[in-house]
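Enquirer: dropping a prediction and its sequence here:
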Amino acid sequence: MPILTILGGGAWGSALANLGGKKGSRVNLWSRSSSFNLESVITGADVVVSAVSMKGVGATVDRLLALELSPGTIIVTVTKGLDPASTRTPSQIWQNAFPNNSIVVLSGPNLSEEIQQGLPAATVAASWDLAAAKQVQNIYSSDIFRVYVNEDPLGTELGGTLKNVFAIAAGVCDGLQLGTNAKSALLTRALPEMIRVGVRLGSRAETFYGLSGLGDLLATCNSPLSRNYRVGFGLAKGKSLEQILQELQSTAEGVNTTNVLIDLANQRGIEVPVSRQVYRLLNGEITPEHAVLSLMERTLKPE
Ligand SMILES: NC(=O)C1=CN([C@@H]2O[C@H](COP(=O)(O)OP(=O)(O)OC[C@H]3O[C@@H](n4cnc5c(N)ncnc54)[C@H](OP(=O)(O)O)[C@@H]3O)[C@@H](O)[C@H]2O)C=CC1
Ligand SMILES: O=C(CO)COP(=O)(O)O
C-alpha cells in the first residue's frame with residue numbers, strides 16, 4: 001500500500017487527501033497547524049504532494065530541506081502560481097531544491113468543491129520522469145478521477161497557472177453582462193496568449209490544448225466556484241480588490257500571477273494584451289469598462 005503525504009490542508013490539499021484514500025493509499029494530511037510533526041509523515045512516504053499556495057512554497061521547501069527526504073520519494077506539486085522574486089514555477093523551485101527526486105506536476109480542470117462532492121473529473125500527471133508520472137497516475141486514478149500522463153511538466157503547470165489571469169477577465173466579462181459572444185471571444189483569444197507565454201518559457205504548444213490548458217481555462221472561466229473568476233466578477237460589480245480578497249478568505253493565485261506575468265512579458269517582450277488589461281485593472285489604473293474598450297480598440301490585425 002503506497003504511503004501518500006499531503007502538505008497543506010487547504011481546499012485542494014483536503015480534496016487530494018480524500019482522492020488518494022479512495023484508491024487505497026495510506027494518506028497523511030499535514031498542515032502547519034497539525035499536532036504531529038512533519039518528519040513523522042515524511043519518513044517512508046512514497047509520494048509527497050505539495051498543495052500549498054504560492055506564498056507557502058518557499059517555506060515548505062525549506063521545511064523539507066531540513067529533513068532527510070529519500071531520493072526515491074516522488075514530489076508532486078499542485079500549486080498554480082509563479083514566484084514573484086524569481087518568476088519561477090513551483091516545479092522549478094522543487095526541482096532546484098531536490099535535484100535527485102522526481103518531480104511530478106498534477107494539474108487540470110479540478111474545482112475542489114465539485115471533487116469533494118464526488119463529481120467526475122480528469123487531470124494530468126506530468127514529469128520528465130514518465131515512470132514517476134505513471135506511479136502518480138496509478139495512485140490517483142479512480143472511478144471519479146481520471147489521470148492522464150505527459151512529459152511536459154512546465155507546459156502542464158503553466159496552463160493551470162496562466163488560466164487564472166483569464167478567469168479574472170472572464171469574471172469581469174460576466175459581471176458586466178457582456179454576453180456569450182464576448183465571453184467566447186475572450187476565451188478563444190486567451191488560449192494563444194497562454195501558448196505564446198508557455199512556448200517562450202520552454203513548454204510545448206500542444207500541451208495547452210489539453211486538460212491542463214484549455215480544459216482548465218474552460219472550467220475556471222465558466223464557474224462561480226472559481227475564486228479567480230469571483231475576483232473579476234466582484235471588480236465588475238464595483239467592489240475593491242481588498243474587499244473581494246477579504247470576503248474570499250481563500251487563495252486567488254491569479255492576482256499575484258498577473259503581476260509576475262507582466263514582469264516576465266516586459267522582460268522578454270511577449271505580447272499579452274488581455275493579461276495587460278487585467279494587470280491594469282488589478283492595479284487600479286483603469287475601470288472594468290475601460291479594460292474592455294482598450295481590447296476592442298487595439299490595432300486591427302489578422303487572427
Ligand atoms: N481549490 C482548488 O480547486 C484548486 C487549487 N489549486 C491550487 O492549489 C493551491 C492551494 O489552493 P487551495 O488549497 O485551494 O487554497 P486554500 O486557500 O484553501 O489553502 C491555502 C493552502 O496554502 C497553505 N499556505 C498558505 N500560506 C502558507 C505559508 N506561508 N506557508 C506554508 N503553507 C502556506 C495553507 O497551509 P495550511 O494548511 O498549513 O494552513 C493551505 O494549505 C493553489 O496554488 C491553487 O491554485 C489547484 C487545483 C484546484
Ligand atoms: O484551479 C482551479 C480549478 O482547476 C481552482 O480555481 P480557483 O483557484 O480560481 O478557485
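Expert: Sure thing, it's come through. Ligands and ions are numbered 1, 2, ... in the order given.

Enquirer: from here on, just use CA atoms for contacts and neighbour counts.
Expert: Will do.

Enquirer: what are the ranges of the strands in the stretch 1-150 of the chain?
Expert: In the stretch 1-150 of the chain, the strands defined using DSSP state E, counting those that start in this stretch lie at 3-7, 26-30, 47-50, 74-77, 103-107, 121-126, 145-150.

Enquirer: which helices and strands does the second one pack with?
Expert: Pointing back at strand 26-30 there. Counting contacts by 3 or more C-alpha pairs under 8 Å, 6 or more residues apart in numbering; DSSP states H and E, strand 26-30 packs against strand 3-7, helix 11-22, helix 38-42.

Enquirer: list, one by one, the residues from this structure near ligand 1.
Expert: 8-13, 31-33, 51-56, 59-60, 78-81, 110-112, 250-251, 253 (C-alpha under 6 Å from any ligand atom).

Enquirer: give me the buried subset of those residues.
Expert: 8-13, 31, 51-55, 60, 78-81, 110-112, 251, 253 (16 or more other C-alpha atoms under 10 Å).

Enquirer: tell me who's in contact with Glu157.
Expert: 80, 89, 91, 105-107, 212 (C-alpha atoms under 8 Å, 6 or more residues apart in numbering).

Enquirer: for the helix or strand containing it, the distance to its chain's centre please.
Expert: Per DSSP states H and E, Glu157 falls inside helix 153-175. Remark: helix 153-175 is offset 8 Å from the chain centroid, using C-alpha atoms, centre = their mean, to the nearest Å.

Enquirer: got the angle for it vs strand 121-126?
Expert: Put simply, helix 153-175 runs at 140 degrees to strand 121-126, going by axes from the mean of the first three to the mean of the last three C-alpha atoms, to 10 degrees.

Enquirer: so Leu217 makes contact with Lys163?
Expert: Yes. Using C-alpha atoms under 8 Å, Leu217 is in contact with Lys163, at 5.1 Å.

Enquirer: circling back: might you specify the subset of the buried ones among the residues of the chain next to ligand 1 located within helices?
Expert: 11-13, 54-55, 60, 112 (DSSP state H).

Enquirer: closest one to Ala291 out of those residues, please.
Expert: Met54 (26.9 Å; C-alpha to C-alpha).

Enquirer: ligand 2 contacts on this structure?
Expert: Checking the chain against ligand 2 by C-alpha under 6 Å from any ligand atom, the hits are 108-111, 216, 220, 226-229, 252.

Enquirer: mind redoing it with 8 Å?
Expert: Residues of the chain lying close to ligand 2 by C-alpha under 8 Å from any ligand atom are 80, 107-112, 160-161, 164, 167, 216, 219-220, 225-230, 251-254.

Enquirer: coming back round to it: tell me the most buried of the strands of the stretch 1-150 of the chain?
Expert: Compared across the strands of the stretch 1-150 of the chain, strand 103-107 shows the largest average neighbour count, a mean of 29 (mean count of other C-alpha atoms under 10 Å).

Enquirer: low-confidence ranges, this structure, go.
Expert: The model of the chain has no residue with pLDDT under 70.

Enquirer: leaving out the residues flanking it, which one is nearest to the residue most central in space within it?
Expert: When C-alpha atoms, centre = their mean is applied to the chain, the residue found nearest the centroid is Lys80 (2.3 Å). Leaving out its chain neighbours, the residue that sits closest to Lys80 by C-alpha to C-alpha, 6 or more residues apart in numbering is Thr161, at 4.4 Å.

Enquirer: sounds good, over and out.
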